[in-house]
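J.: pasting the sequence and the predicted coordinates here, then a few questions.
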Amino acid sequence: MKPISQWRWIGGRRKLQSPGSRLSDVSGASARPTVILENDERIRKVATYFSDSFEYWDRVYSSDTVKAQVYRNRMGVVVRWATMVAGPGAAAADIGTGAGHCAVTLAQRGVRVAAIDASEVMLARVAQNASSAGVADLVVPMTSDAQRLELASATCDVVIAIGLLPWVKQPELALDEMVRVTKPGGHVIVTVDNASSLARGLDPGWRASTRAVIASIRRLVAGHPVEVPSVQWPTATRLSDFDKLLRAAGLDPLEFQGVGFGPFTFLGRNVLSNRVGLRVDRLLQRLASHTVPLLQHVAVFHVALAVKPSGEAATRVQTPT
């Protein structure tokens, strides 16, 4: 296994972070400036939102809620595919790593991971989680805008982005960057929020027009302006558009999988108890995976495994219908 210091980083440097410290250049030279575009208000707001809520995103994977179960299942698909295409010693990038749970899980399987996020608060937690798991030598936290990655071209065997694309202003640019840093023949695993999900369709509160009406009613009832959310809601994508987005980036989609069937809400409030919601989600996921595959089209998330062509034709495992 090559030591992590032999990875190719733009400028010939890599960035590490220890718990409670800022990112620093281990070579001792001055660090390259953060590539977050300061004039991009959306990037700044999203980074601030996740920094302010980092405790929630760190705990959510271990909580006993429907949403946590869905998140764990989504990450489980990503980890299974990633370890299938890139074994111990492989180089991976986890874009929008959050608290680094996926990065740490891959590192525990011997994969070297660049854990990339726009929030340095999140990256501090990544370093702590990697250290607690005993894989700090395999996880490198890096601060970067997903639309301008600091990794050099053709660096990674697999690039992962869980829950990232719905938050970026131009997902096609983020995908272009993922493709750029992936080796020919390497793989990209990404997820999107499904615009056709059953849970979304049953709750009118997901519609922008309904949210505007609800906000107006709350303003009238409260008698004063209601606080405006600090960030825009994540963008949802149809499966056919997801497929087109991947192909436009030069990727060859190999497999799609739908994950998650809850929580079911009405105007943002749960309509099922947590216990029942967990059972319903497990039942629908089992049916979608084994008995009624068409159910995957109405799952909460779509996960895609795609390959960067290396000159040889790739065989598709599954394509959307």
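T.: Here it is on my side, so go on.

J.: for the protein, which helix or strand comes out least confident on mean pLDDT?
T.: strand 24-25 (a mean of 30; mean pLDDT, DSSP states H and E).

J.: tell me which residues are up against the lengthiest helix in the chain.
T.: When the chain is parsed with DSSP state H, its longest helix is helix 66-85. Identification of contacts with helix 66-85 by Cβ atoms under 8 Å, 6 or more residues apart in numbering yields 60-62, 92, 101-102, 105-106, 109, 111, 157-158, 160, 162-163, 186-187, 189, 191, 255, 257, 259-263, 270, 274, 277-278, 281-282, 285, 300-301, 303, 305. From N, CA and C alone the C-beta is placed, and that goes for glycine too.

J.: which elements pack onto the helix or strand hosting V158?
T.: V158 is located in strand 156-161, with elements delineated by DSSP states H and E. Strand 156-161 sits against helix 66-85, strand 91-95, helix 171-181, strand 182-194, with contacts defined as 3 or more Cβ pairs under 8 Å, 6 or more residues apart in numbering; DSSP states H and E.

J.: so which bits of the third one are buried?
T.: If you call a residue buried by 16 or more other Cβ atoms under 10 Å, then helix 171-181 has these buried ones: P171, A174, L175, E177, M178, V179, R180, V181.

J.: not counting its neighbours along the chain, what's nearest the second one?
T.: So the one you mean is A174. Nearest in space to A174, with sequence neighbours left out and distances taken as Cβ to Cβ, 6 or more residues apart in numbering, is A146 at 4.4 Å.

J.: the one you found: neighbour count?
T.: A146 is flanked by 27 other residues according to other Cβ atoms under 10 Å.

J.: could you report the distance from it to F242?
T.: The gap separating A146 from F242 is 17 Å, by Cβ to Cβ, to the nearest Å.

J.: next: V168.
T.: Distance of V168 to F242, computed by Cβ to Cβ: 14 Å.

J.: OK, contacts around the residue nearest to A174?
T.: A146 is in contact with I95, G96, I116, A118, A161, L164, V168, A174, E177, counting by Cβ under 8 Å, 6+ apart.

J.: can you name the residues bridging to the fifth one?
T.: In this case it means A161. Per DSSP bridges, the residues bridged to A161 are V190.

J.: that one contacts V179, doesn't it?
T.: No: using Cβ atoms under 8 Å, A161 makes no contact with V179, being 11.5 Å away.

J.: residues shared between the contacts of the two?
T.: In contact with both A161 and V179: V188, using Cβ under 8 Å, 6+ apart.

J.: quick one: the strands in the stretch 151-300 of the chain?
T.: For the stretch 151-300 of the chain, the strands defined by DSSP state E, counting those that start in this stretch cover 156-161, 182-194, 236-237, 252-259, 265-266, 269-270.

J.: next, format those as a markdown table and append distance to L246.
T.: Putting the strands of the stretch 151-300 of the chain into a markdown table (distance: least, Cβ to Cβ, whole Å) gives the following:
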| stretch | distance to L246 |
| --- | --- |
| strand 156-161 | 12 |
| strand 182-194 | 8 |
| strand 236-237 | 11 |
| strand 252-259 | 5 |
| strand 265-266 | 30 |
| strand 269-270 | 33 |
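
J.: residues in contact with the closest residue to P166 other than its chain neighbours?
T.: Leaving aside its sequence neighbours, P166 sits nearest to P234 (Cβ to Cβ, 6+ apart; 3.4 Å). P234 makes contact with G163, P166, W167, D193, according to Cβ under 8 Å, 6+ apart.

J.: again, only using 10 Å
T.: Residues counted as contacts of P234 (Cβ atoms under 10 Å, 6 or more residues apart in numbering) are V46, G163, L164, L165, P166, W167, V168, V192, D193.

J.: ok, the second one - how many residues close by?
T.: Right, the one you point to is G163. Quick note: G163 (other Cβ under 10 Å) scores 19 neighbours.

J.: could you measure from T65 over to G76?
T.: Using Cβ to Cβ, T65 is found at 16 Å from G76.

J.: go on, Q285?
T.: 11 Å.

J.: now do the buried residues in stretch 148-168.
T.: By neighbour count on 16+ other Cβ under 10 Å, the buried set for stretch 148-168 is 149-151, 155-168.

J.: so for L16, what's the pLDDT?
T.: Looking at L16, its pLDDT is 33.
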